[in-house]
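S.K.: Got a predicted structure here, sequence first:
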There are 2 protein chains.
Amino acid sequence: MTGPPGEPAAGEEPAASLSPASRPVVVDAMGGDHAPAEVVAGAVLARRRGVPVLLVGRATEVLRELARHGAAGDVGVVHAPDVVPMDERGAGAGTASSLAVGCDLVRRGVGGALVSAGSTGAVVTCAVRAIGRAEGVLRPALAVALPTLAGGASVLVDAGATADPTPEMVGQFALLGSSYARAVLGVADPRVGLLSIGSEPGKGNRLSRRAAEILPGLPLRFHGNVEGDDVLTGAVDVIATDGFTGNVVLKNIEGCVRTALAMVARTGLAGPAALDEVASRYDPRTHGGAALLGLRGTVVVAHGSSGAATIARACEVAHHLARERLSEPVP
Amino acid sequence: MTGPPGEPAAGEEPAASLSPASRPVVVDAMGGDHAPAEVVAGAVLARRRGVPVLLVGRATEVLRELARHGAAGDVGVVHAPDVVPMDERGAGAGTASSLAVGCDLVRRGVGGALVSAGSTGAVVTCAVRAIGRAEGVLRPALAVALPTLAGGASVLVDAGATADPTPEMVGQFALLGSSYARAVLGVADPRVGLLSIGSEPGKGNRLSRRAAEILPGLPLRFHGNVEGDDVLTGAVDVIATDGFTGNVVLKNIEGCVRTALAMVARTGLAGPAALDEVASRYDPRTHGGAALLGLRGTVVVAHGSSGAATIARACEVAHHLARERLSEPVP
């Protein structure tokens, strides 16, 4: 069992407690539509699966939720009096908020990673400010693993952290996405596609055309341009794009899958079990959140509507990412 | 029956033959993956449904195809010796190509509209050059009607004509899309959504944030921002965006629907009839093509893989659009 922060868990070497792998995953208990109840429940679930966690938020509320699960003695709590509203973009996330305190715990090395289901904009802004960008990284990027028709997953990056990147930043997103695909999907030499509107290098908008010139010179396996209908085929392992297009596509996928399945359901010719199974694959509550890449520490943004199972999955992903030391400088 | 160009059909007033509604739809017989056979077959089909058509292409090939359908006497043919390759972006579409000759027939008022299944880039470039932009229009936009969960359709505009528009151009796309929704979908007062990454006006990239400031001042019904998962819900009648994002989204929809249905099929728990019915709604060969709005004449771009039925549908759409005089100046 991992005790409160600062105390090495029984049976562990004190030195090991300093490595990112053994440091607890800091969980923003107050972030998300169903915080703190579902977030605390998820943290308890993760803890029971062997992930060390540390909750940050209003201590009395968090302890009350822990007590419901009989877990008050198992999970450490750090008090933070303020809560960042879900419609906050980040500029107003005060230093006493659970989000800011959580980021600070990661910055100081007390926590190995942060998980928050708060507003994506607020998490990105606060994490960049408190944790800082990794050496050489111009802007962070959100990475989401999308299940593909081929059976595996492809990493969409940037899925919404940086809406107006330069072409050089898109090149870095491709590098960060490749590291993520290696670490999380176990792909030895990930193929990178650049999202555009035509497979020829000359097609696209100004940003994608310039990025298409930069990508072949980077230390990654560049496959060339991919189009919107290639995103879920598994044709590439990493789909690099700007955060505006990436976020539109991520949400469009959720909406299209939901619409297609609802239309099939209305025909009355398909069993609900078949539809539920496919729907769950693209439900944002299933995949455990988006990793914010390019920082000096690991941050996972869970969907605002996350329930306990999603938070637990996000904690596992964050723990794994921290162990893989993904927050490395990019070339 | 409409005879060859220049000859008013029997029973029609000569004056009426000058209105866009009675002029034939000019069909680029050589554009598309299955040209000229499927294109000619589609034109014959449209003619038999009462749409006056005029084929442009290599006369011997086109006449041979017409003869197969016993329609050599029913459809006029204008000879054009050259063919624009499908990977051509347009700059190289010579004046002797079927596409350029077809555009010129529309410019001269011989034809009321153009249908081509050639490369979208080539059609856009050639149509702008030959037919010209409508008064006040800065750039043309492609409009596609997408079936929605609500049962109707929403117009996605721009779906790929102008990859790097200014915010003012996006405002014009919204106006053109509103006219299209009124004319084609019969929506009296179309609601317009701006595609972005957050429903608040301050969210988005530079382009969408600035467009969000312009849209409320235009003579249209602005609903506010919509996100990627709103595209198929029917929340708005018109979804305005730049041609890069719009084309990525259009193709992403095709890919997502295909993937979701294939995943359902693999479960073995759904009848193929249910899946085929939904698949056909989002098949680019079904909807009859994208309308190129903002020109001095009507142009419909059919999908490159179009078969006869799609070409026929595109001719009907083009005929209807020409009758609705959609190529009007924007405010």
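M.R.: The structure has been received and is ready for your questions.

S.K.: okay, CA-based contacts and neighbour counts for the rest of this
M.R.: Will do.

S.K.: ranges for the strands of chain A?
M.R.: Here chain A has its strands, by DSSP state E, at A:25-28, A:53-57, A:76-79, A:113-116, A:141-147, A:153-157, A:191-195, A:221-226, A:238-240, A:290-293, A:298-301.

S.K.: Export those strands as TSV, with columns for distance to A:Ile214.
M.R.: What follows is the strands of chain A, written out as TSV (distance: least, C-alpha to C-alpha, whole Å):
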stretch	distance to A:Ile214
strand A:25-28	36
strand A:53-57	40
strand A:76-79	44
strand A:113-116	31
strand A:141-147	18
strand A:153-157	16
strand A:191-195	11
strand A:221-226	10
strand A:238-240	12
strand A:290-293	20
strand A:298-301	27
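
S.K.: And those: which comes nearest chain B?
M.R.: Chain B lies closest to strand A:191-195 among the strands of chain A, at 7.9 Å (C-alpha to the nearest C-alpha).

S.K.: Tell me which residues of the closest one come out buried.
M.R.: Buried residues in strand A:191-195, counting neighbours by 16 or more other C-alpha atoms under 10 Å in any protein chain shown, are found at A:Arg191, A:Val192, A:Gly193, A:Leu194, A:Leu195.

S.K.: partner strands of that strand, parallel or antiparallel?
M.R.: strand A:221-226 (parallel), strand A:238-240 (parallel) (DSSP bridges).

S.K.: Quick one: distance of the helix or strand of chain A with the lowest mean pLDDT to the chain centre.
M.R.: When each helix and strand of chain A is scored by mean pLDDT, DSSP states H and E, helix A:272-281 comes last, with a mean of 80. What separates the centre of helix A:272-281 from the centre of its chain is 23 Å, taken as C-alpha atoms, centre = their mean, to the nearest Å.

S.K.: Repeat that for stretch A:81-88.
M.R.: Taking C-alpha atoms, centre = their mean, one finds the center of stretch A:81-88 at 19 Å from the center of the full chain.

S.K.: Might you list the low-confidence residue ranges for the stretch 151-300 of chain A?
M.R.: Residues of the stretch 151-300 of chain A meeting the criterion pLDDT under 70: A:284-287.

S.K.: where do the helices sit along it?
M.R.: Here the stretch 151-300 of chain A has its helices, by DSSP state H, counting those that start in this stretch, at A:167-180, A:206-214, A:243-267, A:272-281.

S.K.: Would you mind finding the most buried of those?
M.R.: Among the helices of the stretch 151-300 of chain A, helix A:167-180 has the highest mean neighbour count (mean count of other C-alpha atoms under 10 Å in any protein chain shown), at a mean of 26.

S.K.: ok, and what's touching it?
M.R.: A:137-141, A:143, A:155-158, A:189-192, A:207-208, A:210-211, A:214-215, A:218-220, A:237-242, A:293-294, A:326, A:330 (C-alpha atoms under 8 Å, 6 or more residues apart in numbering or on different chains).

S.K.: Please parse chain A into its domains.
M.R.: Domain assignment of chain A by automatic domain parsing yields the ranges A:1-137+A:294-331, A:139-284.

S.K.: quick one, which of those is nearest to B:Thr120?
M.R.: Of all the domains of chain A, domain A:139-284 sits nearest to B:Thr120, with 10.4 Å by C-alpha to C-alpha.

S.K.: Which of the buried residues of strand A:191-195 sits closest to B:Arg182?
M.R.: A:Leu195 (32.9 Å).

S.K.: Might you report the residue contacts of the residue lying closest to that closest one once chain neighbours are set aside?
M.R.: Using C-alpha to C-alpha, 6 or more residues apart in numbering or on different chains and skipping the chain neighbours, the partner closest in space to A:Leu195 is A:Val226 (5.0 Å). When contacts are counted by C-alpha under 8 Å, 6+ apart, A:Val226 touches A:Gly193, A:Leu194, A:Leu195, A:Ser196, A:Ile197, A:Gly198, A:Ser199, A:Ile239.

S.K.: how about the fifth one, phi and psi?
M.R.: Summarising the backbone geometry of A:Ile197 under the convention degrees, to the nearest 10, its torsions are phi -120, psi 60.

S.K.: mind listing what it touches?
M.R.: A:Lys203, A:Gly204, A:Val226, A:Glu227, A:Gly228, B:Gly160, B:Phe244, B:Asn247, B:Val248.

S.K.: Would you mind naming what in the stretch 101-250 of chain A lies close to chain B?
M.R.: Counting by C-alpha under 8 Å from any C-alpha of the partner chain, the positions of the stretch 101-250 of chain A adjacent to chain B are A:148-149, A:160, A:163-164, A:195-197, A:204-206, A:227-233, A:244-245, A:247-250.

S.K.: So what touches stretch A:28-41?
M.R.: Stretch A:28-41 is contacted from outside by A:27, A:55-58, A:61-62, A:65-66, A:69, A:83-84, A:86, A:98-99, A:102, A:114-119, A:303-308, A:311, using C-alpha under 8 Å, 6+ apart.

S.K.: Now do that stretch: distance from first to last residue.
M.R.: From its first residue to its last, stretch A:28-41 covers 12 Å (C-alpha to C-alpha, to the nearest Å).

S.K.: quick one: buried residues of it?
M.R.: For stretch A:28-41, using 16+ other C-alpha under 10 Å, the buried residues are A:28-41.

S.K.: quick revisit: adding distance to A:Gln172, write the contacts of A:Ile197 out as a markdown table.
M.R.: Below are the contacts of A:Ile197 laid out as a markdown table (distance: C-alpha to C-alpha, whole Å):
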| residue | distance to A:Gln172 |
| --- | --- |
| A:Lys203 | 21 |
| A:Gly204 | 19 |
| A:Val226 | 18 |
| A:Glu227 | 20 |
| A:Gly228 | 21 |
| B:Gly160 | 27 |
| B:Phe244 | 21 |
| B:Asn247 | 24 |
| B:Val248 | 21 |
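
S.K.: now for those, which pair is the farthest apart?
M.R.: Checking these with C-alpha to C-alpha, the most distant pair is A:Val226 and B:Gly160, at 15.2 Å.

S.K.: For A:Tyr302, give its distance to B:Gly118.
M.R.: Careful, residue A:302 is Ala; it's not Tyr. From A:Ala302 across to B:Gly118, the span is 44 Å (C-alpha to C-alpha).

S.K.: I'd guessed A:Asn205 sits against B:Asp164; true?
M.R.: Yes. Between A:Asn205 and B:Asp164 there is a contact under C-alpha atoms under 8 Å: 5.7 Å.

S.K.: anything in contact with each of the two?
M.R.: With C-alpha under 8 Å, 6+ apart as the test, A:Asn205 and B:Asp164 both reach B:Phe244.
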